[in-house]
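Asks: My questions concern the predicted model and sequence given below.
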Amino acid sequence: MTHTADTAELAKFDALAHRFWDARGEFRPLHQLNPVRLQFVCERTSLAGARVLDVGCGGGLLAEALADTGARVTAIDLAPSMIEVARLHALERGVTIDYRATSAESLLAAGTEPFDVLTCMEMLEHVPAPGAILATFGGLVRPGGDLFVSTINRGAKAFALAIVAAEYLLRLLPRGTHEYERFIRPSELVALARRAGFTALDLAGIHYDPFSERSALTADTSINYLAHFRRDGSRA
């Protein structure tokens with residue numbers, strides 16, 4: 001286990017891995033948010049032929065979507081059952097993705113060649129030290145490369161909707177999925193990324209309507225939001 005991973009958090013998601021690709025199950029919100037996440041990435045960088053690393057890939061929802069654009073995708077997760085589910089689903093679809101049950105720190109320590117693009121969606125709010133993992137990302141993205149992150153803001157509105165409504169009232173997510181104290185304000189995320197060698201380029205909120213089951217990008221970052229960073233230095 002690494003200092004940026006939480007054993008209890010990993011166990012929660014590992015236990016649900018077999019239901020990951022059930023679009024009406026516990027991971028339904030992720031299935032409905034995925035097109036918006038992909039749109040945000042595609043509108044801000046070129047993916048065709050790019051070397052992309054998806055950190056905290058889960059069962060491979062975003063990884064497969066990235067691969068479908070022509071990106072060469074490596075996807076990692078510390079939950080072994082999630083990686084197994086991801087590999088099987090990719091095999092069924094005939095999608096080539098390099099799935100690994102490993103950590104970002106291990107990739108960096110192994111001297112992995114830096115990537116053109118790194119994505120990390122809905123993961124930072126589940127780790128004990130987001131600043132440490134962002135520092136690791138600084139070594140995994142080449143100078144001039146792109147980092148895309150999605151997470152949840154810390155505030156009254158996010159608590160009311162992302163926890164009380166989503167987990168207890170509407171039961172969109174299992175109870176205990178999120179811990180409010182781990183939510184990250186955009187200003188905090190930008191500061192942590194800056195220390196890791198990234199410059200913030202864009203922020204966008206995600207509006208999700210659980211009744212129509214539709215999601216869209218918005219200027220409101222008070223609940224779920226996406227961030228685009230660029231690794232300092234030249235692309236050359």
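Replies: All right, it came through fine.

Asks: Name the spans of the protein whose pLDDT lies under the cut-off.
Replies: 1-18, 158-178, 180, 234-236 (pLDDT under 70).

Asks: Helices of that one, start to end?
Replies: All helices of the chain, identified by DSSP state H, fall at 7-15, 28-42, 61-68, 80-93, 104-109, 130-140, 156-158, 186-195.

Asks: so of those helices, which one's packed in deepest?
Replies: Most buried of these by mean neighbour count (mean count of other Cβ atoms under 10 Å) is helix 61-68; its value is a mean of 23. The C-beta positions use only the backbone N, C-alpha and C, and glycine is treated the same way.

Asks: Packing partners of it?
Replies: Judged by 3 or more Cβ pairs under 8 Å, 6 or more residues apart in numbering; DSSP states H and E, helix 61-68 is in contact with helix 28-42, strand 51-55, strand 72-76, helix 80-93, strand 115-121.

Asks: and the angle from the longest one to helix 61-68?
Replies: Taking axes from the mean of the first three to the mean of the last three Cα atoms, to 10 degrees, helix 28-42 and helix 61-68 form an angle of 40 degrees between their directions.

Asks: Give me the angle between helix 28-42 and strand 51-55.
Replies: Between helix 28-42 and strand 51-55, the angle comes out at 150 degrees (the same axes, to 10 degrees).

Asks: same deal with the fourth one?
Replies: Orientation of helix 80-93 against strand 51-55 (the same axes, to 10 degrees) gives an angle of 140 degrees.

Asks: How about the last one?
Replies: Strand 115-121 and strand 51-55 are oriented at 20 degrees to each other (the same axes, to 10 degrees).
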